[in-house]
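J.: Sequence and predicted structure below; questions after.
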Amino acid sequence: MRKPMTLKQAVSQYFEPQAIELGFICTEKQNDLFWFKRKVGYAEDRIEIDKSGWNHNSLRITLSVDNASISGTKLIGQGVHGWFTYENEAAIPELLKKFADILLEYGLAWFDENRPVLMPLEERVLEKYRDSVIDPFIRKYELDLDDPGCLERLDLQVADRTLLKKQTLAVAFVLGESLIRRLGGRWVYNELNEPCVAEIGGMPNFRKNVYHFAGGYVELSAGMSLGEYFEAMSNVVKRWKKPQ
């Protein structure tokens with residue numbers, strides 16, 4: 001009796017070729033998780049296929065761009081839960097073909113409607129706006145960037161989040177400097193000239209776009225406070241440094 005193909009083999013055969021034709025590349029392929037990504041201008045379209053660890057014989061396809069995402073079930077009007085069930089492993093290829101059809105019939109239009117229009121910032125914005133935006137912000141809130149409690153105190157002072165969009169850069173600077181001074185790291189700019197912190201805690205591939213997080217913080221869409229964000233990054237570094 002022929003041995004059933006693995007999920008990884010099935011994704012490679014029944015979904016990946018269609019995704020490649022549309023410009024996606026598979027950036028991560030594990031036993032139960034598969035990521036496909038493509039660049040459109042400065043934006044990135046993402047597809048995730050994963051297998052449920054809780055629901056028996058269930059797969060899910062999720063599309064995402066920047067701060068928006070949608071499940072395959074919601075795309076086709078079958079609710080928001082996300083999971084497609086299959087009877088047995090022999091049925092997986094047909095389900096993956098269905099995922100490819102969903103991507104073609106509904107997903108491409110969703111990407112076009114929800115993809116953010118991204119424009120690069122001016123070059124080296126931290127240096128350019130240090131005197132006019134960043135330093136006045138630091139003085140206003142009386143911040144000592146070497147103080148471990150700096151971020152928590154800033155959170156308290158701006159609890160009502162009455163910040164201006166132009167202060168995004170200042171928030172990003174304060175958060176980034178706190179990471180660099182307390183955990184280690186260095187400033188870098190991405191292709192959009194957004195300030196990021198690379199090599200956090202000495203981890204070669206640990207990089208965060210603090211400007212992106214600061215934008216959500218200022219516009220009230222970030223789920224974490226600055227202090228909580230720092231703590232999350234600190235915990236990642238601690239786990240990495242913990243002896244195995």
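T.: Okay, I see it. Numbers count the residues shown, from 1 in each chain.

J.: How much space separates D146 from R139?
T.: 15 Å (Cβ to Cβ, to the nearest Å). Using the backbone N, CA and C atoms, a C-beta is placed for each residue, glycine as well.

J.: How is the chain partitioned into domains?
T.: Here the domain parsing of the chain from automatic domain parsing is 7-114, 125-241.

J.: got TSV for those, with mean neighbour count and mean pLDDT too?
T.: Formatted as TSV, the domains of the chain follow (neighbours: other Cβ atoms under 10 Å; pLDDT from 0 to 100):
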stretch	mean neighbour count	mean pLDDT
domain 7-114	16	93
domain 125-241	17	92
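
J.: Leaving aside the residues adjacent along the chain, what's closest to the residue nearest the centre of the chain?
T.: The residue lying closest to the centre of the chain (Cα atoms, centre = their mean) is D66, at 6.9 Å. In space, and not counting its chain neighbours, D66 is closest to P116: 4.7 Å by Cβ to Cβ, 6 or more residues apart in numbering.

J.: so the one you found makes contact with V65?
T.: Yes. The criterion here is Cβ atoms under 8 Å, and P116 meets it with V65 at 6.6 Å.

J.: Common neighbours of those two, please.
T.: A43 (Cβ atoms under 8 Å, 6 or more residues apart in numbering).

J.: so where do the helices sit in this protein?
T.: 7-14, 16-21, 72-75, 92-102, 108-114, 125-128, 135-140, 150-157, 168-183, 210-218, 226-241 (DSSP state H).

J.: Out of those helices, which gets nearest to N193?
T.: Across those, N193 has its closest neighbour in helix 125-128 (6.4 Å, Cβ to Cβ).

J.: contacts for the closest one?
T.: Under Cβ under 8 Å, 6+ apart, the answer for helix 125-128 is 122, 134, 169, 173, 187, 193, 195.

J.: try it again with 6 Å
T.: P195 (Cβ atoms under 6 Å, 6 or more residues apart in numbering).

J.: Now L143. Its backbone dihedrals?
T.: L143 adopts backbone torsions of phi -90, psi 130, taken as degrees, to the nearest 10.

J.: Now do it against V40, distance only.
T.: 38 Å.

J.: doesn't R46 make contact with S64?
T.: Yes. Between S64 and R46 there is a contact under Cβ atoms under 6 Å: 4.6 Å.

J.: nearest residue to W35 other than its sequence neighbours?
T.: E28 (4.1 Å).

J.: Hmm, I typed the wrong one, I wanted G227.
T.: E152 (4.2 Å).
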